[in-house]
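> generate coordinates for the sequence data below:
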Amino acid sequence: MSTRIAFLKGHGTENDFVIVPDPENTLDLTPAAVAALCDRRAGIGGDGVLHVVRSAAHPEARSMAAEAEWFMDYRNGDGSIAEMCGNGTRVFARYLRHAGLVDEGDLAIATRAGVKSVHIDKDGDITVGMGSARLPEGDVTVSVGERSWPARNVNMGNPHAVAFVDDLAHAGDLFGPPPFSPAAAYPEGVNVEFVVDRGPRHVAMRVHERGSGETRSCGTGACAVAVAAARRDGADPAVTGTPVTYTVDLPGGRLVITERPDGEIEMTGPAVIVAEGEIDADWLESALR
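Sure, this is the predicted structure:
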């Protein structure tokens, strides 16, 4: 291992990430190493790690290499692997542009949830094609303390439970994952969104992300919320043939979510690189002891 490892720090609506460029997939980013990097007191700090790898160099992405040169090997803050991260995809694209690896305009990024279409606008915003939502059947309930709410089961390549509440404070501190039932609905855990209305097609949310706790923003969660709100409001673009757009306010900023008649969901918002430097390999080795 080299004595130092390059890294950058970035965020998308304050969902923040440690970015580790590793084009040839030479680094062994174990769950413990990821957790150490994401530690906000003893490490760099972040909600997750964006491991930047060429698709052809990663066994999970080689089949997508013809469509997308770059693979977003995303890890949650606790070191666990996640299928997809919407804000992370925007920050990943911002890094590729920052590093001169891609130009403004359209590009494709490989993820564990498939190849995602991305557009880098000249004004700085980045739009990610998030794929379509699946709405599994069955009733789901989420709870915080004495309160319980029915939740909409929405899958965006990762699982979500969307609960509409009267006050975002009712979500509590969100230090731990909110209980849900039935357990069979989410055998691998779930991201839980609590949502209030702010106006016509305008909502605000808080989220507990599995593996990360409460985060300032969650891109797939904002998409799940927009879909759940649209169905609650009687809007389904596949039926009407008309796109539906919701503004979603998160603690870290604002995202605009559009669902199209073909089912494709587009998420638009900012992404920022705030710093770059080097990880000391001796520190990392020590942190893993």
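
> pull the number of nearby residues for the residue nearest to Arg97 when sequence neighbours are not counted.
Leaving aside its sequence neighbours, Arg97 sits nearest to Ile120 (C-beta to C-beta, 6 or more residues apart in numbering; 5.6 Å). For the C-beta atoms, the positions are set from N, CA and C on the backbone; glycine is no exception. Counted with other C-beta atoms under 10 Å, the neighbours of Ile120 add up to 21.

> hang on, Ile120 packs against Phe92?
No. Counting by C-beta atoms under 8 Å, Ile120 stays clear of Phe92, with 11.2 Å between them.

> who are the packing partners of the least confident helix or strand in the chain by mean pLDDT?
Lowest on mean pLDDT, DSSP states H and E among the helices and strands of the chain sits helix 281-287, with a mean of 86. For helix 281-287, the elements it packs on are strand 4-12, helix 31-38, judged by 3 or more C-beta pairs under 8 Å, 6 or more residues apart in numbering; DSSP states H and E.

> dump these into TSV; add mean neighbour count as well.
Output for the helices and strands packed on helix 281-287, formatted as TSV (neighbours: other C-beta atoms under 10 Å):
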stretch	mean neighbour count
strand 4-12	21
helix 31-38	20
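
> any idea which of these gets closest to Arg254?
Nearest of the helices and strands packed on helix 281-287 to Arg254, taken as C-beta to C-beta: strand 4-12 at 11.4 Å.

> so for the closest one, mean pLDDT?
Strand 4-12 shows a mean pLDDT of 95.

> list the contacts of the following helix or strand past it.
Next in sequence after strand 4-12, counting helices and strands by DSSP states H and E, comes strand 15-21. Contacts made with strand 15-21 from outside it, assessed by C-beta atoms under 8 Å, 6 or more residues apart in numbering, are listed as 5-11, 27, 29, 37-38, 44-52, 85, 87-88, 91-92, 95, 99, 215-219, 252, 273, 279.

> which ones among those residues are found in helices?
Secondary structure assignment by DSSP state H places Leu37, Cys38, Asn87, Gly88, Val91, Phe92, Tyr95, Gly219 of the contacts of strand 15-21 in helices.
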